[in-house]
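Novice: here is the input, now give the coordinates:
(chains A and B)
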Amino acid sequence: MQKRLPLVWLAVPLLLAACSSAPKIVKIPGSEVIHLAGKLEATRFKLSNGLRVIVVEDHSSPTFAYQTWFDVGSKDETPGYTGLAHLFEHMMFKGTRKYPEGKFDETLERAGAENYNASTSQDYTDYTQELPSDKLDMIAEMEADRMVNLVVDEKSFSTEREVVQNERRFRTENSPDGTLYQELFGLAFQKHPYHWPVIGYEEDLARMSAQDAEAFYKAHYAPNHAVVVVAGDVTPQQVHETLQRHYGSIPAVQAQPKALPSEPSQTSTRRKTLKLATQVDKLLVGYRIPSESHEDSPALSLIQSVLTNGKSARLQRALVETGVANGVFSADIDGSDPTLFIFGANLQKGRKAPEAETILRRELKRLATENVGEAELERARNQLSFQFYAALDNNHSRAAFIGRYEVVVGGAEKALDIFQKTLATGPEALRKTANRYFQDQNRTVVIGAPK
Amino acid sequence: MKTRTLSFFILLGLGWTLAAPAADLQFEADDTLPLVYLNIVVRGGAVEDPAGKSGLTNFMGEMLLRGTKVRSKEQLDQELDQMGAHFEEETRGEAVVFRGAVLSHQLERFLPLVNEILTQPAFPESEMKKLKGELISGLLEEQGRDQALAGRHFDEFLFPGHPYGKSVMGKVKDLEGLTSQDVKRQYDSQIRDGRITILASGDSAAIKRLQAWSKTLEQSRPGKEDAPRVAAPKATSGRRLVIVDKPERTQTQILGGEIGFKMDEPDFFDFYVANFVFGGGSFHARLMNEIRTKRGWSYGANASVKFSRQPRSWRFYLFPAAKDTPAALETVLKMVEEWRDRGVTPQELDFAKTSLINGAGFLLNTPRKRIENRIQEITLDLPEGFMKHYADGIARVSLESANASVKAHIHPDQLSILVLGTAKDLKEPLAKAAGVPAEKVQVIDYRKD
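Specialist: Residues are numbered from 1 along each chain as shown, chains lettered A, B, ... in the order given. Modelled structure (predicted):
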């Protein structure tokens, strides 16, 4: 859930590189270097209060991206207070004693900040900026300040809640796609917090207070729950010295054990049909899959590529080329906890969602019973390789790539390892993985039909 | 501090001149990653769609990707995907841009395929039929997305009868009637050497191969004629209000504006800065401050200028709850009047200029952005290097010139206003808020083609 830009919390998984190498020691105590791809390397170190820092040097322009990723998202909320993580993300722009309301925005905008934004997902919350390279000290000081000194008052909370309620109207109430996503997760998860939408339920937003937001802040915003990624015209030594100066004195907070309820096994297909303000049928299907760190993740990424990456992908041919659907996508959501492999399709005029669902099931059964040929596998791997390099194309996307994998799987090098395994996955493993997860009892179906 | 940042960017901008190794090819080396990005820019675009054939240029561009004289669509798709390559078409009002991206070791295999797509199209009838089905379904699907739907209707309302009022995607009725002859004519007219510029970036080893390839393309599609320019749109008279009626909306989409001006006009930077103060993307802009920060009415509120080869539009946009819509519209209209009458303050101007100048480097800080700037220059008739001197243009703006530009371009009594919402709840209060007699408020069904 972003502060300014369109919803991306259900982002398509980022894909990772083939060429990791063993960490090597550089000057900063305890630091290690991870080779990403091409000429790109990441240097990682940790401050004594637990703040993890990753630096990617690139001096091709006098700019850098600065991103702060917190290991907190909507899954850390409690029933009755859904949407608090996202609403609190909005509050992070409201002010501290040093930067009272409006001053934070003004200072960054005056400095020429680009990609100045924030977003909340089920698993994490991130704050991003790009700045001219002489502003490293400024942004480190400001981010450290709001990590610990935020002032949450009732008046600004109340106004920002109105903004979020309006954002909810935009993304969910008046959006067929947003409504379907809310229903899909609501139906697929009955116990786990992935059940509720990141933006929260209207009645929960209405009941929250500034005190709730402050309690959330104190519990989750601390250096030992965060990762700072700096990519661009900086050096690791410069970043280490600067961040040590601004964050070094912030104490770690006692990490609260996360005892999230595990989701019981699904035993049968769940389905729901909604009448929406749409002129065409919409289909959204989710299959339960494990978390991103599970050993089956590489095969699931490859399956995603075989099914919908590129115009020759299987579901493109089976649904779009046949005139059944207008478009189709799939996403193996990379969750910290077991989540969903999603398929979505907008139907063509006069076609019905159950027809697309039948074709989808047929293709998934084929994947689970027949080995994919070598040429098709090579195609899927090449698509994934391209996506990986494209994800590292600029400072902003590099920082996002690293930050996200640091908080979801515990380190960028683990993500590189996952990708190596993805490229090495053979047809037999792919078939077995498809057979393991694409079963009827794992499936949740939500259909949006015209009123 | 501010000056130092600016000089960094200006120096860097001057150092990033694009190499021009061939007449129609501009290339910028970037060896960070093993990728090559290719852009084939064709001047022309949807404004050349004939009457009753809206969507034709976009249709033609899409059809190029659906089969050649030697390969079916399926074979083309497979060949591109096998390389892990992308090749897509984007039709704009006054350009068609083909965008390719490929792993650099696949470039040798990729370029002949691009050449085949652009020079040997087959326009098979079976694919014509399939594409119509997809595009028409896409237009129907758009009716569920209020923001896109409101934008399309607003263009039509602001530019009645003018090509700028037509959707690039076309209308359902027009798409249904397109023939393969129409598509061939559009192809013959637009995909010509005289209209094409190739811009690429990436792996420096690609340059020689790209040079040779661009010559082949040039020879395959001879023709020196450039794209004609459409007539300038004429302003409508008086303030107007249209409601795009959609049932059960708890939120509305509000767009208001008027015909704008061209990017190369002398007061472009003056207005750009003044608009930044009013609503141009800053959290400190007046619109964001009054509508979002103070009142919590809308998640977003902004004002922007859209450019074309002829004057296009200035517009404001917000999406408040239905219950707040009349008050929000009334507030914004008062703000527009005040902005025009009193201009911006010295403090606001200083903030806007500082912010824009310090951020100007982000227009230039990656090879792909520099290529995108050049595409803008080519498609908007701007001189080469226009975007590189953006910070200089901002620096020259004075309080007097900024405020004079607002008076020249903003006419509150001439605004065209569109609200997408539920008309039965909103017509009377919106008419009052807009100062338009209720009987003159137009109401159109959201499903109107």
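Novice: how close does the nearest residue to residue B:358 once chain neighbours are set aside sit to residue B:363?
Specialist: Excluding its sequence neighbours, the residue lying closest to residue B:358 (CB to CB, 6 or more residues apart in numbering or on different chains) is residue A:112, at 2.8 Å. For every residue, glycine as well, the C-beta is placed using N, CA and C. For residue A:112, the distance to residue B:363 equals 11 Å [CB to CB, to the nearest Å].
Novice: over to residue B:118?
Specialist: Relative to residue B:363, residue B:118 is positioned 29 Å away (CB to CB).
Novice: again with residue B:180
Specialist: 42 Å.
Novice: ok, the two, which is more surrounded?
Specialist: residue B:363 (18 against 14; other CB atoms under 10 Å in any protein chain shown).
Novice: that one against residue B:373, yeah?
Specialist: Yes. Applying CB atoms under 8 Å, one finds residue B:363 in contact with residue B:373, separated by 6.4 Å.
Novice: overlap of the contact sets of the two?
Specialist: Common neighbours of residue B:363 and residue B:373, using CB atoms under 8 Å, 6 or more residues apart in numbering or on different chains, are residue B:387.
Novice: give me the three-state assignment for the residue of the stretch 201-350 of chain B found nearest chain A.
Specialist: Closest to chain A within the stretch 201-350 of chain B is residue B:296: 2.8 Å, counting by CB to the nearest CB. Judged by DSSP: H, G, I helix; E, B strand; the rest coil, the three-state class of residue B:296 is coil.
Novice: around chain B, which positions in the stretch 201-350 of chain A sit nearby?
Specialist: Applying CB under 8 Å from any CB of the partner chain, we find that the stretch 201-350 of chain A lies next to chain B at A:276-280, A:309-313, A:316-317, A:320-321, A:323, A:326-327, A:346-349.
Novice: mind doing that once more with 6 Å?
Specialist: A:278, A:279, A:280, A:310, A:311, A:312, A:323, A:326, A:346, A:348, A:349 (CB under 6 Å from any CB of the partner chain).
Novice: so which of those comes closest to residue A:54?
Specialist: Nearest to residue A:54 among these: residue A:310, at 31.4 Å, using CB to CB.
Novice: nearest residue to the residue of the stretch 201-350 of chain B closest to chain A other than its sequence neighbours?
Specialist: Once flanking residues are discounted, residue B:296 sits nearest to residue A:162: 2.8 Å by CB to CB, 6+ apart.
Novice: and that neighbour, what's its pLDDT?
Specialist: As predicted, residue A:162 sits at a pLDDT of 95.
Novice: I'd assumed it was in a helix, is it?
Specialist: Yes. Applying three-state DSSP, one finds residue A:162 inside a helix.
Novice: what's around it, how many residues?
Specialist: 18.
Novice: residue contacts, residue A:108?
Specialist: Contact analysis of residue A:108 by CB atoms under 6 Å, 6 or more residues apart in numbering or on different chains lists residue A:116.
Novice: buried residues in the one helix or strand it maps to?
Specialist: Element membership for residue A:108 (DSSP states H and E) is helix A:103-110. Neighbour-count burial for helix A:103-110 flags A:104, A:105, A:107, A:108, A:109, A:110 (criterion: 16 or more other CB atoms under 10 Å in any protein chain shown).
Novice: ok, now stretch B:138-156?
Specialist: Buried positions in stretch B:138-156, judged by neighbour count with 16+ other CB under 10 Å: B:138-144, B:146-147, B:149-156.
Novice: next: stretch B:103-115.
Specialist: Buried residues in stretch B:103-115, counted by 16+ other CB under 10 Å: B:103, B:104, B:106, B:107, B:110, B:111, B:113, B:114, B:115.
Novice: what segments of the stretch 301-449 of chain B are strands?
Specialist: Under the criterion DSSP state E, counting those that start in this stretch, the stretch 301-449 of chain B contains strands at B:301-306, B:313-318, B:416-421, B:442-445.
Novice: what helix or strand is residue B:244 on?
Specialist: Using DSSP H and E, residue B:244 sits in strand B:240-245.
Novice: what mean pLDDT does that strand get?
Specialist: Rounded mean pLDDT across strand B:240-245 is 98.
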